[in-house]
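[1] my questions concern the predicted model and sequence given below.
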Amino acid sequence: MRPPTPLKFARVFAALLLAAAGGAAPPASAADKEQDGKAGDGWIELVGSSGFEAWKTPTTNWETVGSAMLKPGDPKRLEAAPGGGVVYNGPGGRAVNLVTRDAYGDVEAHLEFMVPKGSNSGVKFEGVYEIQIFDSFGAKKATASHSGGVYPRAELLPRYRHIDEGYPPRMNASRPPGEWQTLDVVFRAPRFDAAGKKAANARFDKVVLNGQVVHEGLEVPCPTGHVWRQEERPRGPLLLQGDHGPVAFRNVRVRPLP
């Protein structure tokens, strides 16, 4: 069991004193909650109260909103309500990809996403190793093109096509379109020796979609999609795909790993 933080200990002690005196304990402050919550455990918020501060510009067509939902009468679109804490790629469902200002190596990531019927997105570690996001609800056989899959290698010309099967998720853990879904990933960056030669492949230690483990201990020998020939590196940005269809994200955070 983790010992209480100094702030939590002080709160509890103060509450006991107040209770003994017949008073009520004061509400926890934002700083207290940060110490006790994920932010106090090394997590870095990327989508939440910070808006687009963590992302490179431009962020064209992305909007900060309070909530997202299926558009009435059009299940292939999302609409939003004013507020904060959620980003979505606008009523047109097309925006530039979001790319973090910071680069990460070994990292743990948590995000929540929503897609409408038939939509497509993804999250790319170091900008090149993609976990697919797709409206996969009801698919009987999960492929690497479904949510939770590690996307296949592909060629752009003469027409876009896959050149392998990628790494399908163990099962289809997708929820219906219009529902919030969760993705938790532990990613290990490729290793390089002193001469800069790759000594170990990138690896997804664990990928959990909606509470179901869909990958574990999965080595990825090269980048995915059409960038599979791209030179690998020990660190890179996190990328959220916004140009393939309507999508919304919330509670996106990362935690660099030792």
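    Arrived safely. Numbering: from 1, shown residues only.

[2] distance from stretch 99-113 to the middle of the chain?
    7 Å (CA atoms, centre = their mean, to the nearest Å).

[3] send the alpha carbons of it over as CSV?
    C-alpha atoms of stretch 99-113 as CSV (Å, rounded to 0.1, in the frame of the first residue of the first chain):
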residue,chain,number,x,y,z
VAL,A,99,1.4,16.3,-32.7
THR,A,100,2.9,16.9,-29.2
ARG,A,101,5.5,19.5,-28.7
ASP,A,102,7.5,17.2,-26.5
ALA,A,103,9.1,13.9,-27.5
TYR,A,104,8.9,10.7,-25.5
GLY,A,105,10.7,7.4,-25.4
ASP,A,106,9.4,4.7,-23.0
VAL,A,107,6.0,6.0,-22.1
GLU,A,108,2.6,5.0,-20.6
ALA,A,109,-0.4,6.6,-22.2
HIS,A,110,-4.1,6.9,-21.4
LEU,A,111,-6.8,8.4,-23.6
GLU,A,112,-10.5,8.3,-24.2
PHE,A,113,-12.0,8.6,-27.6
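
[4] any buried residues in it, and which?
    V99, T100, Y104, G105, D106, V107, E108, A109, H110, L111, E112, F113 (16 or more other CB atoms under 10 Å). Where you see a C-beta, it was placed from the backbone N, CA and C, and this is true even at glycine.

[5] stretch 159-167 too?
    H162, G166, Y167.

[6] backbone dihedrals for the nearest residue to the last one once chain neighbours are set aside, both of them.
    Pointing back at Y167 there. Using CB to CB, 6 or more residues apart in numbering and skipping residues adjacent in sequence, the residue nearest Y167 is V150, 3.8 Å away. Backbone torsions of V150, given as degrees, to the nearest 10, read phi -90, psi 120.

[7] what does the model give V150 for pLDDT?
    According to the prediction, V150 has pLDDT 98.

[8] hey, what's Y104 bridged with?
    For Y104, the beta-bridge partners under DSSP bridges are G236.

[9] what's it in contact with, if anything?
    F125, E126, A189, R235, G236, P237, L238, V254, P256 (CB atoms under 8 Å, 6 or more residues apart in numbering).

[10] quick check: which element contains the closest residue to the first one other than its chain neighbours?
    It refers to F125. Of all residues not flanking F125 in the chain, F187 sits nearest, at 4.6 Å (CB to CB, 6+ apart). According to DSSP states H and E, F187 maps onto strand 181-188.

[11] in that strand, which residues are buried?
    Q181, L183, D184, V185, V186, F187, R188.

[12] and stretch 202-221, by the same measure?
    Those would be A202, R203, F204, K206, V207, V208, L209, N210, V214, H215, V220, for stretch 202-221 by 16+ other CB under 10 Å.

[13] just the pLDDT for the closest residue to the last one other than its chain neighbours.
    What that stands for is V220. In space, and not counting its chain neighbours, V220 is closest to A202: 4.7 Å by CB to CB, 6+ apart. pLDDT recorded at A202 is 98.

[14] just want the angle from the helix or strand where H215 lies to strand 181-188.
    Assigning secondary structure by DSSP H and E places H215 in strand 212-220. Strand 212-220 and strand 181-188 meet at an angle of 30 degrees, taking axes from the mean of the first three to the mean of the last three CA atoms, to 10 degrees as the criterion.

[15] on that earlier part again, who touches the strand holding F187?
    Identification of contacts with strand 181-188 by CB under 8 Å, 6+ apart yields 106-114, 123, 125, 129, 131, 133, 147-148, 174-175, 202-211, 257.
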